[in-house]
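1. Return a 3D structure for these sequence lines:
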Amino acid sequence: MSRYDGGMNIPYEPWTSEDMARMLAYLPIFEEPSFVPATWIKFEPEMIEGRLVHRLPYPEYHEKVEEFRNLCFGSTCRIDPYSVLPEDAPGTEPGLDTARVITSEAEIAGATLDQIRRYFVLCVRAERFCDGYIEGQLKLGTIQAALRRVSELRNG
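-> This next block holds a predicted model:
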């Protein structure tokens with residue numbers, strides 16, 4: 001384990017089977033074809049104190065997405081998102097380089113449990129800086145693929 005913690009100060013602990021099961025419960029919900037992960041709140045331009053003001057839209061997430069997000073940091077899924085794991089490719093550097101370990105469903109196929117939980121935590125972190133990031137990952141099917149991989153590793 002790298003000593004770099006990106007300022008997160010998250011000590012390493014294993015991801016428990018119970019917490020994996022709690023997160024896997026969201027897979028059928030997220031895979032439902034009619035599932036809408038977020039509704040975007042949009043604003044019309046308005047005049048405020050003589051100036052035309054444009055407010056940016058933002059996503060209001062489905063309650064199940066919010067519950068899932070909370071589990072990413074509020075369970076043993078929580079892991080330092082910026083530390084290099086022993087199973088990462090040689091040359092992976094601590095910090096934002098870890099966000100490039102999993103960027104597609106293809107990379108998830110060979111990912112370990114720790115890499116997947118780091119991906120989940122990075123998704124939550126990315127949402128802080130890019131409204132709609134989690135919605136995008138759900139629409140791409142990447143989060144669902146990661147959950148399927150967790151199920152495969154947990155049961156196999």
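2. how close does S151 get to T39?
-> 28 Å (C-beta to C-beta, to the nearest Å). Where you see a C-beta, it was placed from the backbone N, CA and C, and this is true even at glycine.
3. how about the strands in this structure?
-> Remark: strands assigned in the chain by DSSP state E are 38-41, 46-48, 51-53, 58-61.
4. Tabulate the ones you listed in a markdown table, adding columns for mean neighbour count, mean pLDDT and distance to R125.
-> Below are those laid out as a markdown table (neighbours: other C-beta atoms under 10 Å; pLDDT from 0 to 100; distance: least, C-beta to C-beta, whole Å):
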| stretch | mean neighbour count | mean pLDDT | distance to R125 |
| --- | --- | --- | --- |
| strand 38-41 | 13 | 96 | 17 |
| strand 46-48 | 9 | 92 | 32 |
| strand 51-53 | 8 | 93 | 29 |
| strand 58-61 | 16 | 96 | 15 |
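5. where's F35 relative to Q144, distance?
-> Applying C-beta to C-beta, the value for F35 to Q144 is 10 Å.
6. Tell me which of those two has more neighbours.
-> Neighbours were counted for F35 and for Q144 using other C-beta atoms under 10 Å; Q144 has more, 20 against 14.
7. what does the model give the residue nearest to the spatial centre of the chain for pLDDT?
-> Against the mean C-alpha coordinate of the chain, by C-alpha atoms, centre = their mean, the closest residue is C123 at 2.6 Å. On pLDDT, C123 comes in at 96.
8. need the contact list for it.
-> 72, 133-134, 137, 143 (C-beta atoms under 8 Å, 6 or more residues apart in numbering).
9. With F68 instead?
-> 23, 26, 30.
10. T39 versus that one, what's the distance?
-> The value you get for F68 to T39, if C-beta to C-beta is used, is 16 Å.
11. Check R55 too.
-> Taking C-beta to C-beta, one finds R55 at 16 Å from T39.
12. Give me the buried positions along the biggest helix by length in the chain.
-> Secondary structure of the chain per DSSP state H: the longest helix is helix 113-129. For helix 113-129, the buried set under the neighbour-count rule, 16 or more other C-beta atoms under 10 Å, comprises 113-127.
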